[in-house]
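> quick one: sequence and predicted model below, then my questions.
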Amino acid sequence: MIKKINTKSGKTISYVYNLKDEDYRIVSERLEMDEEKIKNVIDEEIFTPRISKSDWEIYKLYYPTVKKPVIDKEVTSYEINPIVICMRENKIVILDDDYYEDFYDFVEEYAELRDEILEENRFFLNMLHKVSQSLYKYVRILIGEHDKIETVLREQQSNEKLISLSEVEQGFYVYNIAMRNLDYVVENLKEDEQFQQFEEYMTRILQEINFTLDLSSSYCEICKTTRETYSSYIGNNMNITMKVLAAATILITVPNMIFGFYGMNVKLPLQDTGFWALVIIFIIMTVLMIVLWKYLKKKVL
């Protein structure tokens with residue numbers, strides 16, 4: 001689908017998202033670029049931040065998304081989707097792989113506010129700033145998810161929560177990729193003569209990117225440490241359980257052997273005297289209690 005935003009200053013902004021075959025044809029005509037090249041720019045797996053084709057300046061960025069589980073068995077995924085910004089003279093074409101509603105609303109509102117004096121380079125930097133702010137927002141969401149999971153793990157260790165923590169950790173790594181990509185684009189723009197007048201603004205954007213990147217990288221390590229710590233707790237608890245069960249099995253084996261011995265169909269000492277049977281049971285139970293007491297005293301169990 002294509003949304004066109006016209007400005008009084010004569011500049012045209014086209015916001016293209018959820019592209020179908022017909023949309024590719026229309027965009028190809030507007031960009032004067034082959035359809036396959038457009039598809040390659042959007043779908044390529046390589047994280048190429050800046051590409052120049054023909055007389056268009058093409059920038060590829062990545063914005064964050066969160067896909068919540070639809071059913072209980074599905075997991076939350078933290079992803080990044082590509083957004084391609086094409087600039088030339090008085091035309092700006094934004095290719096959105098999915099549909100980032102916040103970003104579109106920002107573009108539309110900005111175009112209305114700056115209708116008379118919409119300056120392409122300043123507008124482009126504001127779009128970069130918007131992506132940077134979105135990445136920070138989603139990193140803060142991930143931090144909140146980590147804190148909630150850790151609070152639950154302190155009360156009760158569970159494998160499900162460890163899996164959720166692993167998903168959050170992956171989210172931090174994924175968003176780091178998007179931030180490094182954005183940092184690379186801004187750093188290149190600082191060396192471009194036409195952006196020199198915005199050097200102070202770009203420095204501020206870089207500071208925000210670096211702060212978010214440091215914050216996200218730190219929580220990558222925190223998530224890893226938290227996951228390994230509680231994995232050890234769960235493993236230790238399992239070892240304690242298995243140790244108790246093994247000790248109980250050994251203690252039960254001793255009377256079971258004696259009772260099995262007296263259950264044989266042969267003549268055995270004291271088997272005709274009921275009194276001695278009770279004595280034997282009492283002796284066995286006394287011995288087991290003494291052994292159990294020593295184990296507990298030495299904290300073996």
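Nice, thanks for sending it over.

> quick one, helices of the protein?
Taking DSSP state H as the test, the helices found in the chain are 21-31, 35-43, 101-113, 120-155, 159-190, 199-262, 274-297.

> quick one, which of the ones you listed is nearest to residue 86?
With CB to CB as the criterion, residue 86 lies closest to helix 21-31 of the helices of the chain, at 6.2 Å. No exception for glycine: its C-beta is placed from N, CA and C like everyone else's.

> next, the angle helix 35-43 makes with the closest one.
Inter-element angle recorded for helix 21-31 and helix 35-43: 100 degrees (by axes from the mean of the first three to the mean of the last three CA atoms, to 10 degrees).

> what residue spans form the domains of this protein?
By the assignment in automatic domain parsing, the chain contains the domains 2-236, 242-297.

> low-confidence ranges, the stretch 201-301 of the chain, go.
Filtered on pLDDT under 70, the stretch 201-301 of the chain yields the residue ranges 236-237, 240, 247, 254, 258-259, 261-278, 295-296, 298-301.

> got the contact list for the residue lying closest to residue 93 once chain neighbours are set aside?
Excluding its sequence neighbours, the residue lying closest to residue 93 (CB to CB, 6 or more residues apart in numbering) is residue 86, at 4.2 Å. Applying CB atoms under 8 Å, 6 or more residues apart in numbering to residue 86 gives the contacts 31, 56, 57, 58, 59, 92, 93, 94, 95.

> ok, now residue 203?
Residue 203 is in contact with residue 190, counting by CB under 8 Å, 6+ apart.

> same question, residue 190
Residues near residue 190 by CB under 8 Å, 6+ apart: 199, 202, 203, 206.

> report the contact partners of the last one.
Think residue 206. Going by CB under 8 Å, 6+ apart, residue 206 touches 183, 186, 187, 190.

> cool, and the second one?
Neighbour list for residue 202: 125, 186, 189, 190, 195 [criterion: CB under 8 Å, 6+ apart].

> how about those residues in TSV, adding pLDDT?
What follows is the contacts of residue 202, written out as TSV (pLDDT from 0 to 100):
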residue	pLDDT
125	88
186	89
189	85
190	85
195	84
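
> just the buried ones from those residues?
125, 186, 189, 195 (16 or more other CB atoms under 10 Å).

> which single one of those is nearest to residue 152?
Taking the buried ones among the contacts of residue 202 together and measuring to residue 152 by CB to CB, the closest member is residue 186, at 38.2 Å.

> hmm, that closest one is touching residue 129, no?
No - the pair residue 186 and residue 129 does not pass the contact test of CB atoms under 8 Å, sitting 9.4 Å apart.

> identify the contacts common to these two.
With CB under 8 Å, 6+ apart as the test, residue 186 and residue 129 both reach residue 205.

> per-residue confidence for residue 139?
We note a pLDDT of 91 for residue 139 in this prediction.

> so what's the residue count around it?
23 (other CB atoms under 10 Å).

> equivalent analysis for residue 290, please.
Residue 290: 10 surrounding residues under other CB under 10 Å.

> ok, it to residue 297 distance?
11 Å (CB to CB, to the nearest Å).

> same question, residue 145
Distance, residue 145 to residue 297, using CB to CB: 45 Å.
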